[in-house]
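A.B. asks: after the sequence you'll find the predicted model.
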Amino acid sequence: MKSLNNINKENTFRVPEKYFEDFNKEIKTKISEEYLKQNIGKENPFIVPEDYFENFSPEIFRNKKRAKGKVIKLLKPWFSAAAGIIVIFALWQFLLTNTDIYKANNKNIPKTENSQNLAEINNNDLQYLEPEIDAYINEVDINNIYEYTNDDSDKNTEYTDNDAVYEYFIDYTDDYEYTEIIAEL
Amino acid sequence: MNAAISENKISEFLTENKISEAFDLIVNQYKKQLYWHIRKIVILHEDTDDVLQNTFIKVWRYLENFKQDSKIYTWLYRIATNEAITFINNKKKKSEEPIENYEYYLSNTLESDEYFEGNEAQLILQKAILTLPEKQRIVFNMKYFDEIKYEDMSEILETSTGALKASYHHAVKKIESFIKRH
C-alpha cells in the first residue's frame, strides 16, 4: 500500500471557468436579491377574473387547423397581386364596353365643358376605384382560391374563411397587427 | 399531475401521434404557468389573454412538427415569450405616444387596474421592473419570481447563461436602487 507521502498533493478538484472572477458579482446579486425578498417578497400581486382558468379549455382551439404547410405556401403574395390585376383589367374592360354603348346611344348629345368621356379615363384615374376594387376582392370567397392551386391534398380539408386568412398572415408576416385583425374576424 | 409526469405523458402522446391528447394535456398543465409568464411581460389581463390564446394557437398548429429535441416546457415558454414581445412591439408601433413611453403608460395603469392587488411595496417593485430594458425585465421575472434555472432560461431565450447572469445582476441592482429612491 502506498503511503500518503507518495501521493501527489496537487489539488485535483476543478471549478467552472471564470468561477472566481464572477464570484463577487454573484454575491452582490444575491445581496440585492435578498434585499428585495425581505422588503417586498415574491408574492404575485396580479389576479385574474373569476373562473378565468376554469373556462380556458383546450376546446376553444379545436376549430383551428393544424400546420400542414401546403395551402399556406400556395397563398403567396403574388396571388393577391395577380387577383388585383385581373379585377382591374375586368373593370377596365367593363368601363370601355359601357362607354362604347354610351357613345352609340348618345351620338347627338353635345359634350359639355364639365362632362368627361369615360373612354378618356386614364390609368391614374383608376386609383379612385381602389375602394371598390378592394370591396370586390373582400367579397371573393376565399375557398375559391384553392381552385387556383395545383395541389389536391387539401381539397378535402374543410377550411373556414378565417382559418385560411389566418394561416396566410401567420406564415407570411411576423406582424402581430395582422393576427389581431384576423382574430377580430 | 406533476410537471415531470406530464412532460413524459405529453412526450408519449406525441410519439404515438396522439396530437389532440397531447394538446389537451399541454393546455391543462401549462395554461397557468404561461399565463403568469406572459402577464409579467404585457402586464394587462386582456392583453395577456390575447397573447396566451395566440400562444396556444401556435402550439396547436405546430405541435405535430415538434421534434422533442428540447423539453416541451422550454418550447412552450419560447413561443409565449416571442408572442408577448411581438405583441408589445406592435402595441408600441400603434401607440400615438412615443415608443419609450409605453412602459411608463403601463406603470401608471397598474394603480387603477382592477386585476392588480399589490400593496405599495409591490407596486413600486412592478414600477421598478418596468423601467428595465425588455430583455432584463424578462430575465428578472423568470429568475426572481419563477425561479427558472439559467440552463432552461438559456434555451428559452436563446442566450448564453453568462449573458443571462449578467442581465439578472444588472436588473437586480437597478431595481434595488430604484426602490431605495422611492
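C.D. replies: Cool, the structure landed.

A.B. asks: where does pLDDT dip in chain B?
C.D. replies: B:1, B:99 (pLDDT under 70).

A.B. asks: can you list the domain ranges for it.
C.D. replies: With domains defined by automatic domain parsing, chain B comprises B:1-98, B:118-182.

A.B. asks: and those domains as a markdown table, adding mean neighbour count?
C.D. replies: (Each C-beta comes from the backbone N, C-alpha and C, glycine too.) Below are the domains of chain B laid out as a markdown table (neighbours: other C-beta atoms under 10 Å in any protein chain shown):
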| stretch | mean neighbour count |
| --- | --- |
| domain B:1-98 | 18 |
| domain B:118-182 | 18 |
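
A.B. asks: the most centrally placed residue in chain B: what's it in contact with?
C.D. replies: Residue closest to the mean C-alpha point of chain B, counted by C-alpha atoms, centre = their mean, is residue B:37 at 3.2 Å. Neighbour list for residue B:37: B:77, B:80, B:81, B:84, B:141, B:142, B:146 [criterion: C-beta atoms under 8 Å, 6 or more residues apart in numbering or on different chains].

A.B. asks: name the helix or strand for it, please.
C.D. replies: Assigned by DSSP states H and E, residue B:37 falls within helix B:19-42.

A.B. asks: ok, then the element right after that helix?
C.D. replies: Helix B:19-42 is succeeded, C-terminally, by helix B:45-62 (DSSP H and E).

A.B. asks: helix or strand right after that following helix?
C.D. replies: helix B:72-94.

A.B. asks: quick check: what element follows that next one along the chain?
C.D. replies: Helix B:72-94 is succeeded, C-terminally, by helix B:102-112 (DSSP H and E).

A.B. asks: who's in contact with that following helix?
C.D. replies: Residues outside helix B:102-112 that contact it (C-beta under 8 Å, 6+ apart): B:43-44, B:88, B:91-92, B:95, B:97, B:116, B:118, B:123, B:126-127, B:130-131.

A.B. asks: nearest to residue B:33 among the residues you listed?
C.D. replies: Nearest to residue B:33, judged by C-beta to C-beta, of those is residue B:43 at 17.3 Å.

A.B. asks: give me phi/psi at the closest one?
C.D. replies: Note on residue B:43: backbone dihedrals following degrees, to the nearest 10 are phi 70, psi -50.

A.B. asks: which residue packs closest to it, ignoring adjacent ones?
C.D. replies: residue B:106 (4.7 Å; C-beta to C-beta, 6 or more residues apart in numbering or on different chains).

A.B. asks: how many neighbours does the one you found have?
C.D. replies: Look at residue B:106: counted by other C-beta atoms under 10 Å in any protein chain shown, it has 19 neighbours.

A.B. asks: out of the contacts of residue B:37, who's nearest residue B:58?
C.D. replies: So of the contacts of residue B:37, ranked by how close each gets to residue B:58 (C-beta to C-beta), first place is residue B:80, at 9.1 Å.

A.B. asks: OK, contacts around the closest one?
C.D. replies: By C-beta under 8 Å, 6+ apart, the contact set of residue B:80 is B:34, B:37, B:38, B:51, B:52, B:55.

A.B. asks: nearest residue to the first one in space, please, no chain neighbours.
C.D. replies: Okay, so that is residue B:34. Closest residue in space to residue B:34, ignoring its immediate chain neighbours: residue B:80 at 4.7 Å, by C-beta to C-beta, 6+ apart.

A.B. asks: again with residue B:13
C.D. replies: Closest residue to residue B:13 apart from its sequence neighbours, by C-beta to C-beta, 6+ apart: residue B:22 at 3.7 Å.

A.B. asks: quick check: that neighbour touching residue B:7?
C.D. replies: No. Residue B:22 lies out of contact with residue B:7 (C-beta atoms under 8 Å); the separation is 10.9 Å.

A.B. asks: burial of the residue of chain A at minimum distance from chain B, as a residue count?
C.D. replies: Using C-beta to the nearest C-beta, residue A:45 is the residue of chain A that sits closest to chain B, at 2.7 Å. Counted with other C-beta under 10 Å, the neighbours of residue A:45 add up to 18.

A.B. asks: tell me the spacing between it and residue A:56.
C.D. replies: In this view, residue A:45 and residue A:56 are 21 Å apart by C-beta to C-beta, to the nearest Å.

A.B. asks: then residue B:134?
C.D. replies: Residue B:134 is 26 Å from residue A:56, where distance means C-beta to C-beta.

A.B. asks: leaving out the residues flanking it, which one is nearest to the residue in chain B positioned nearest to chain A?
C.D. replies: The minimum distance from chain B to chain A, using C-beta to the nearest C-beta, falls at residue B:118 (2.7 Å). Of all residues not flanking residue B:118 in the chain, residue A:45 sits nearest, at 2.7 Å (C-beta to C-beta, 6+ apart).
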